[in-house]
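Trainee: Just to be clear, the model below is a prediction. Sequence and coordinates:
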Amino acid sequence: MVENRVSGEFGNNPVEMRDAFGATLVELGRQYPKMITLDADLHTSSKATMFKKAYPDRFVQVGIAEQNLFGISAGLALSGFMPFPSTFAVFATRRALDQIAISICFPNLNVKIPGSYVGLPTSRAGASHNCIEDIAVMRALPNMRVADPADGADLRAIMRAAAAVEGPVYFRIARMAMPPIFGADHKFEWGKGVLLREGRDVTLFGTGIMTTFCLRAADLLAGEGISAEVIHLGSIKPIDRELIAESAARTGCAVTAENATINGGFGAAVLEVLGEECPVPLQRIGVRDRWVDSGGIKELFTHHGMQPEDIAAAAKVAMCDKRRRSQ
Amino acid sequence: MVENRVSGEFGNNPVEMRDAFGATLVELGRQYPKMITLDADLHTSSKATMFKKAYPDRFVQVGIAEQNLFGISAGLALSGFMPFPSTFAVFATRRALDQIAISICFPNLNVKIPGSYVGLPTSRAGASHNCIEDIAVMRALPNMRVADPADGADLRAIMRAAAAVEGPVYFRIARMAMPPIFGADHKFEWGKGVLLREGRDVTLFGTGIMTTFCLRAADLLAGEGISAEVIHLGSIKPIDRELIAESAARTGCAVTAENATINGGFGAAVLEVLGEECPVPLQRIGVRDRWVDSGGIKELFTHHGMQPEDIAAAAKVAMCDKRRRSQ
Amino acid sequence: MHLSPEKLCELDEIAYQIRRLSLEMITFGKWGHIGGAFSMAEFLSVLYFQAMSVKPDAPQWEDRDRLVLSKAHGSPALYAVLALRGFYPIEQVYSYCELGGFEGHTDMARTPGLESSGGPLGMGLSVAVGMALAMRFNENARGRVFCILGDGESNEGNVWEAAMSAAHYHLDNLIAVIDYNKVMAKGFVWEEMAIEPFADKWRAFGWDVIEVDGHDIEALADTFHRARWVMPRGKPIVVIAHTVKGKGVEMAEFNYKWHTHAPDAQTADAMLRELARNCQRPEQGYSKLGAEEVKEEFYGGE
Amino acid sequence: MHLSPEKLCELDEIAYQIRRLSLEMITFGKWGHIGGAFSMAEFLSVLYFQAMSVKPDAPQWEDRDRLVLSKAHGSPALYAVLALRGFYPIEQVYSYCELGGFEGHTDMARTPGLESSGGPLGMGLSVAVGMALAMRFNENARGRVFCILGDGESNEGNVWEAAMSAAHYHLDNLIAVIDYNKVMAKGFVWEEMAIEPFADKWRAFGWDVIEVDGHDIEALADTFHRARWVMPRGKPIVVIAHTVKGKGVEMAEFNYKWHTHAPDAQTADAMLRELARNCQRPEQGYSKLGAEEVKEEFYGGE
Ligand SMILES: Cc1ncc(C[n+]2csc(CCOP(=O)(O)OP(=O)(O)O)c2C)c(N)n1
Ligand SMILES: Cc1ncc(C[n+]2csc(CCOP(=O)(O)OP(=O)(O)O)c2C)c(N)n1
Ligand SMILES: [Mg+2]
Ligand SMILES: [Mg+2]
């Protein structure tokens, strides 16, 4: 179990995920001479700029043309390079899905796809820029690995793990500064979750930035005498079947929390495991099948029922279901 | 409960789904003067040709340009027309996902999207043409309705229901001739499933052409003294929460069967309901996260473990889980 | 096309107000794209106050002209001109980027007078082609569809699919307007993805091309008049409007750093005063100075 | 470029064999696209037996030329020429469309010598741009990337994104070949989506254009020689090969009905005999006549 570094209040030395992304791009660039970062006119937003500055010769600008971005990446990968085609998540998973699927994923090419600006926090851009369906979409592609980091250290570890494995990877980057959960020594393993906090009454499965919200929800629940287990599943595909089943068997009910639509994404991934291993009452926290509006970040999390309080409330519903079913 | 018209053997008066599609396009064209069918150079394959012949003035050819196909459809819908932009499912859901999502779905436009050549039967075209992720993808879009018909009558009913409701609809058309399950009087209701066969031991939830496979599996199971309930869920989104929960509560375990990937699609939709209403052991039948090869249709169904025998075997696993858990 | 001095004066004032309101919105809403709003001011003014047939009191009037803003991040300028044209009270534009208000990118459900919703670049011309086809189906010979695109946006393949089809269908009721401001989000167009020879591209795709100074109101009025009444001969028409990104405030001009960026209230105040000076207007600062609520931020996100 | 009579004869024979094998494969595999395979026969012959540097015994040889078949439904012709060139025994092509065999659309994992996988139209040129960029990164000055596209395929916006970027990067190591056979899947190009003036489009997108009779082997050899050695001057090159869809068998020529269709064994036999006659070869029918297994069908699906 990893020490939970989140104290009662959020916001202790938060790390902007995009900065972690840029810094890790640079770190990997040093390690992998065949790495190339590509951009579609968004590098100062995504912070791929940091790579551009460090390795101008290995930075490719394709303009506002996401289909081409991924096609070119396929061609580079076929020639032995390791491309990181960088754009906003919506423009990767929606605009270039066919290219990602058939030019990259089908031949299992070594392309690492960062999806920036996922979920709610996109700085008031509104529905078209709030990527909520990418987990569902990317999970549906054979060969594709999918990961959603909880904090800067996790993102860095995921990017290292992405580079270390052959084949396509999709990972998410929220436009948000997150308080650190993990230390600098944090390791990430494909298909492995992390038990952050032990509990007896309910399991909170978090992915991405929502794991921090789960920890906070566990605090809230603890205040009411409820013992919530918190598990972070940064690796969504492959997913940690053993850990999920084992925890659910122990607590008997669960909540999933994702910074994405609740249809077919992370919650579904957990449910798919539980259906085969250990069916328990499960409530999903995420965007409830609605387009996301412009608005303040906190406002949006409240509006969409994705605050720690909402997770805590969902936990109580799940526990209630468990009691009802065991009667 | 609907009378099960499938006798022991398959193949009684099978109806090619594409013919039902073309015929219903023509029927709807008569009823809706504002209906327009659009095509991206595939109409004789999809059988949208039948509409073209009947109403040449309301047929729009856009060439091999699927993004434009859906953008134009949005413009027509914004001008009061009801477009049916027709192409292969892969080229709708992968190539034009951004256009479908933001030009059509976000403003909730009245566009009806037929996805042809779904799942395994695509006549040896191979991975790039076998659409397995469309259920997961389309289900993730807010406002979108999703349906997968079991037979020709069901497809016709779904198309009528699609035209009758305002807003975007995605429906699937398998390249296959299916034995009729439903009569000509068959009605389809959004969010309503159909109980095809009552059973006590396990529920087989089918969608699309897999419902026929479920019926056959139930026959096989009956031969072993197992009483399987068969429910057809042609309406995947919205889905029939009551029927799913009620049946699962009665039988205590379930199998889902879909002509698509098992990641995030129909199986996940059923699991999402069960997690909140009635968690039971559940096995999913579908493409197990692999690209689909060229091959004979029957061969492919066998290769991917999607035959009635596989459904029956999965049912036994689910029943075994149920027994184990009740001990 | 001759414009009376009064009309010219009106159109110029509208252009000024479009810039003012855009900057006010972006400042108050704490988000948005100044550069690409400012570059559109003159042609939006001419379109909505001279070239296009619309009825603000009957926004669904069947025979109206349509405008699709394909570069949907230019929304503040469009929200401004629609307000000025009378589609809604001006004060409403300050709901920009508020939860439940006018959306960051265009959302028809929120703003009266919008003809489409957008956000991702490259998609609007297809929508406009659909509308132009619909006018043909409806035998509406007078109606026109206008579609505004960015220069960087023309990198998108979807634009060329739409362009090809517009020529194929001989849609001379379709007029594309390119805001050729030479700058995209992170640099100059010629640096990031060169598009020249740009007019040749459109011609080769079967369009009639008019190039115009996008800040010259008389030339714009003349151009749209020709495009609407003189030129229709079986081809769609593209107006390549040569503009300056951020036009009107020096530090934003031609500068990708003001592509997307919300100034703080003080900066906005100074920018608005400079804008007034540059436009020979009485100096006027940021109207919400001091009045703006402090918008909460979460985890330090901008 | 002068070709010796022997070389000319060889290339002509290869083209004939490409057509023969394609038809055999499609018939035996019970699926496939005859028209677009036949139209490519001559230029594939010239590419693989004259213009391109490849080593069948070292398919991963680093300095080889690359070929991306963007119109990936033309796979049978490519499988044929790769077999003839020695990448694998000819008999292997008969695994086409069998479970575990050569795939309907190109799948690198299944067929040696393929440089990419495909299926959806419009994507290959981007992949080729990536390869051409990679050659630049690797300072490989001799290497060339060839990319074959369909004429109907050029409706796809992705093609123009790629085209724009190839010019932007000055990729004169990239040679696109358009199989301009005037027919797409369901009709003539000019009917479904007109692409003319086609050469102008490429020129406006910054490419050098060569138009050539795509069935004239000498002209093709000369064209590819010029494209490779004479013309490189900072621009990508497109070879617009004017061809006849289905070329070689009358009933398939210029006929969209043979775009995708597998003939039965009898029809294939007759077609192959006609092909032989048209090519002044000894008559030779379908080699698997009678030998083909009956392929099962399911629920009446074709
Ligand atoms: C498909 C897509 N890719 C990327 C973006 C992000 N983006 C918003 S504006 C912009 C630059 C637009 O440049 P240009 O078209 O020249 O517009 P203008 O200069 O008029 O602002 C980019 C890349 C987007 N909205 N859509
Ligand atoms: C994106 C996409 N849309 C549609 C198809 C279906 N399709 C396969 S071949 C073809 C026609 C191709 O015409 P053309 O490019 O002219 O090729 P050729 O004439 O050389 O066969 C179509 C529409 C496809 N493979 N990919
Ligand atoms: Mg610009
Ligand atoms: Mg063709």
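Mentor: Now that the structure is in, tell me what you want to look at. Ligands and ions are numbered 1, 2, ... in the order given.
Trainee: Which parts of the stretch 201-327 of chain A are helices?
Mentor: Along the stretch 201-327 of chain A, the segments classed as helices by DSSP state H, counting those that start in this stretch run A:210-223, A:241-251, A:266-277, A:297-303, A:308-326.
Trainee: Could you export the ones you listed to CSV, including columns for mean pLDDT?
Mentor: Formatted as CSV, those follow (pLDDT from 0 to 100):
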stretch, mean pLDDT
helix A:210-223, 98
helix A:241-251, 98
helix A:266-277, 98
helix A:297-303, 94
helix A:308-326, 96
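Trainee: Looking at those, which is nearest to ligand 4?
Mentor: Ranking the helices of the stretch 201-327 of chain A by proximity to ligand 4 (CB to the ion) places helix A:266-277 first, at 41.6 Å. Where C-beta positions appear, they are placed from N, C-alpha and C, glycine not excepted.
Trainee: Give me the neighbour count for C:Trp61.
Mentor: Residues near C:Trp61, counting by other CB atoms under 10 Å in any protein chain shown, number 12.
Trainee: hang on, isn't it packed against C:Val54?
Mentor: Yes: between C:Trp61 and C:Val54 there is a contact under CB atoms under 8 Å: 7.4 Å.
Trainee: neighbours around the closest residue to ligand 4 within the stretch 101-250 of chain A, how many?
Mentor: Using CB to the ion, A:Ile102 is the residue of the stretch 101-250 of chain A that sits closest to ligand 4, at 20.2 Å. For A:Ile102, the count of nearby residues is 28 (other CB under 10 Å).
Trainee: Might you report the residue contacts of it?
Mentor: Contact analysis of A:Ile102 by CB atoms under 8 Å, 6 or more residues apart in numbering or on different chains lists B:Arg94, B:Ala127, B:Ser128, D:Ser117, D:Gly118, D:Gly119, D:Pro120, D:Met123.
Trainee: Which members of the residues you listed define the maximum pairwise distance?
Mentor: Farthest pair in the contacts of A:Ile102 (CB to CB) is B:Arg94 and D:Ser117. Separation: 14.6 Å.
Trainee: Would you check how far apart the residue nearest in space to the middle of chain C and A:Thr37 are?
Mentor: Central residue of chain C (CA atoms, centre = their mean): C:Met40, 4.7 Å from the mean position. Note on C:Met40: its distance to A:Thr37, by CB to CB, to the nearest Å, is 32 Å.
Trainee: Repeat that for C:Ser95.
Mentor: Plainly put, C:Ser95 is 38 Å away from A:Thr37 if you go by CB to CB.
Trainee: neighbour count winner among those two?
Mentor: When neighbours are counted by other CB under 10 Å, C:Ser95 and A:Thr37 differ, and A:Thr37 comes out ahead with 29 against 20.
Trainee: ok, the closest residue to ligand 1 within chain A - contacts?
Mentor: Ligand 1 sits closest to A:Asp41 of chain A, with a gap of 3.9 Å, by CB to the nearest ligand atom. Residues in contact with A:Asp41 (CB under 8 Å, 6+ apart) are A:Gln61, A:Gly63, A:Ile64, C:Gly152, C:Asn155, C:Met184, C:Ala185, C:Lys186, C:Gly187, C:Glu192, C:Met193.
Trainee: likewise C:Asp208?
Mentor: C:Met231, C:Arg233, C:Lys235, C:Pro236, C:Ile237, C:Val238.
Trainee: Walking through chain C, point out its strands one by one.
Mentor: Along chain C, counting by DSSP state E, strands occupy C:66-69, C:145-150, C:174-180, C:208-213, C:237-242.
Trainee: wait, which of those is closest to A:Glu242?
Mentor: Nearest to A:Glu242, of all the strands of chain C, is strand C:145-150, at 50.4 Å by CB to CB.
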